[in-house]
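# predicted model and sequence follow; I will ask about them next.
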Amino acid sequence: PPKTGNFNVKVLAPDGGPAAETVAEIDYSEFPVAYVVVGPDHRDRMRPEVIPGGAPKATPTPPPVAPVEFDLAQERVKEREARVNAAKLERLHLESQMTILKAQIADGFNVPENAAELQRDLEKRMKDVEAETRGSSAPAPPAAPAPAPSN
């Protein structure tokens, strides 16, 4: 099976000096054929160079991607559901804020100075969110004024 192959190159010096020896490897799983050329480098030392050969390795072609059908009506339904879900989360958040504010007013502890204004704002925002969850595009009726907190 194709695998990495090591090879040793030993080149005798032209002046009779010690032989130049080097070791290199070829990855035959990458290249089906390879050539080793031994030649002098820029310092006149004999170095092997691996040159890949043979036909290039075939790259697998990806399967064709099926066209995605776009259904505008279905996208509108998804967008509507996303808006309704966001409105429901907003409603839960407003309900918890309203509960905290009412508890502060009832206990008379840590009541903000503008508690009545905050309560009116929360009630108005709550009605707007409820209108969104019902799908009504009409604006919510004005909120009734909340009773002023008694200290």
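Right, received. Where do you want to start? Numbering: from 1, shown residues only.
# so V38 belongs to a helix, correct?
No: per DSSP: H, G, I helix; E, B strand; the rest coil, V38 lies outside any helix segment and is strand.
# now it, nearest residue through space, not along the chain?
P48 (5.1 Å; C-beta to C-beta, 6 or more residues apart in numbering). To be clear about C-beta, it is placed using only N, CA and C from the backbone, and glycine gets the same treatment.
# what pLDDT is listed against that neighbour?
We have a pLDDT of 79 for P48.
# just checking: what are the partner strands of the helix or strand where it lies?
Per DSSP states H and E: P48 is located in strand 46-53. Its sheet considered, strand 46-53 pairs with strand 33-40 (antiparallel) by DSSP bridges.
# CA atoms only: put the partner strand into PDB for me.
These are the backbone C-alpha positions of strand 33-40, laid out as PDB (Å, rounded to 0.1, in the frame of the first residue of the first chain):
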ATOM      1  CA  VAL A  33       5.700   8.300  -8.600                       C
ATOM      2  CA  ALA A  34       8.600  10.400  -7.500                       C
ATOM      3  CA  TYR A  35      12.100  11.100  -8.900                       C
ATOM      4  CA  VAL A  36      15.200  11.800  -6.800                       C
ATOM      5  CA  VAL A  37      17.600  14.200  -8.500                       C
ATOM      6  CA  VAL A  38      21.000  14.600  -6.800                       C
ATOM      7  CA  GLY A  39      22.800  17.800  -7.600                       C
ATOM      8  CA  PRO A  40      24.900  20.500  -6.100                       C
END
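# pLDDT of that strand, averaged?
Strand 33-40 comes out at a mean pLDDT of 82.
# quick one: contacts of it?
Identification of contacts with strand 33-40 by C-beta atoms under 8 Å, 6 or more residues apart in numbering yields 7, 9, 11, 24, 26, 28, 46-54.
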